[in-house]
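Asks: next one to model:
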Amino acid sequence: MKFDKIKKIVSEMSMKIASEGYNLGTWGNISRRFDENIFAITPSAIPYKEMSEEHIVIVDLNCNVIEGNKKPSTEILLHSEIYRLKKKANAVIHTHGVFSTSFAIARKPIPAVCEDLIQVVGGYVNIADYHLPATKELAAAAIIALAERSACLLANHGLVSVAGNLAEAFKITQIVEKSAQAIILAQALGGAVELSIADINKMRNFYLEKYGK
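Replies: Down below sits the predicted model:
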């Protein structure tokens, strides 16, 4: 009963992300922090179309299972490390969208060229050094790539979005994917034009301090 609500939230977001094509099959993963040391995470190897809240696993920051009879996502180290080191982070979404993954497999950051991308991410989307999936090294590389931003790419892998709640993390995922697509299309028109650091900082500060307040 204690974790029913957060399990439901994670399960519903998992279905939403899969229905919009950001994750296919069993790949990608989602989590939501419950308190400082506990979070809910999607299970390993269960297709999103078959997933329900009873499959969501409750774990602590040391990756110990507190509640649930399924194995947690293989990327549990990635999620736990983000929660351990980013105290304001309460939600993590890892996706394999086509356009953001295109940048990841090309090992190129997504440039800061779109207003909404800049506002929600904080600038360009950096790319983490390549490491095998589900490793401590990958988690550490993601932390470095995230820095003060709310998203990063994992080389040859996909996108990680981090926020204070799952709705915001999903919005970041959507905007990064849209921006990646637009930038790829812009190459046919001569290429995307990056904005100045001053403009990036102004837009980011506006989003954090004034937008929607």
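
Asks: use CA for all of it now, contacts and neighbours both
Replies: Will do.

Asks: next SSE after the helix ranked longest in the chain?
Replies: Across the chain, the helix with the greatest residue count (assigned by DSSP state H) is helix 166-186. Sequence-wise, the next helix or strand downstream of helix 166-186 (DSSP states H and E) is helix 197-209.

Asks: in that following helix, which residues are buried?
Replies: Ile200, Met203, Arg204, Tyr207 (16 or more other CA atoms under 10 Å).

Asks: need these in a markdown table with pLDDT, can you?
Replies: Output for these, formatted as a markdown table (pLDDT from 0 to 100):
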| residue | pLDDT |
| --- | --- |
| Ile200 | 94 |
| Met203 | 95 |
| Arg204 | 94 |
| Tyr207 | 93 |
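
Asks: kindly reformat those as JSON lines containing distance to Phe3.
Replies: Listed next are the buried residues of helix 197-209 as JSON lines, based on distance: CA to CA, whole Å:
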{"residue": "Ile200", "distance to Phe3": "39"}
{"residue": "Met203", "distance to Phe3": "37"}
{"residue": "Arg204", "distance to Phe3": "34"}
{"residue": "Tyr207", "distance to Phe3": "32"}
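
Asks: which of these sits closest to Ala106?
Replies: Ile200 (24.2 Å; CA to CA).

Asks: list the contacts for that closest one?
Replies: Ala112, Ile118, Gln119, Gly122, Gly123 (CA atoms under 8 Å, 6 or more residues apart in numbering).

Asks: right, and Gly122 touches Ser150 too?
Replies: Yes. Here Gly122 reaches Ser150: they are 7.0 Å apart, a contact under CA atoms under 8 Å.

Asks: so which strand or helix has Ala142?
Replies: Per DSSP H and E: helix 136-146 holds Ala142.

Asks: need the CA coordinates for that helix. PDB is fine.
Replies: Taking C-alpha atoms only, helix 136-146 is exported to PDB below (Å, rounded to 0.1, in the frame of the first residue of the first chain):
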ATOM      1  CA  LYS A 136      29.200   1.700 -13.100                       C
ATOM      2  CA  GLU A 137      31.400   3.300 -15.800                       C
ATOM      3  CA  LEU A 138      28.400   4.300 -17.900                       C
ATOM      4  CA  ALA A 139      26.600   5.800 -14.800                       C
ATOM      5  CA  ALA A 140      29.700   7.800 -14.000                       C
ATOM      6  CA  ALA A 141      30.000   9.000 -17.600                       C
ATOM      7  CA  ALA A 142      26.300  10.100 -17.600                       C
ATOM      8  CA  ILE A 143      26.800  12.200 -14.500                       C
ATOM      9  CA  ILE A 144      29.700  14.000 -16.100                       C
ATOM     10  CA  ALA A 145      27.800  14.600 -19.300                       C
ATOM     11  CA  LEU A 146      24.700  15.900 -17.400                       C
END
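
Asks: contacts for it, please.
Replies: 77-79, 81-82, 126-132, 152-154.

Asks: shouldn't Ile30 be within a helix?
Replies: No. Judged by DSSP: H, G, I helix; E, B strand; the rest coil, Ile30 forms no part of a helix; its state is strand.

Asks: correct me if wrong: it contacts Ile93.
Replies: Yes. Assessed by CA under 8 Å, Ile30 is found in contact with Ile93 at 4.6 Å.

Asks: just to revisit the earlier point, now which of the contacts of helix 136-146 would you call buried?
Replies: Listed as buried from the contacts of helix 136-146 are 77-79, 81-82, 126-131, 152-154; burial here means 16+ other CA under 10 Å.
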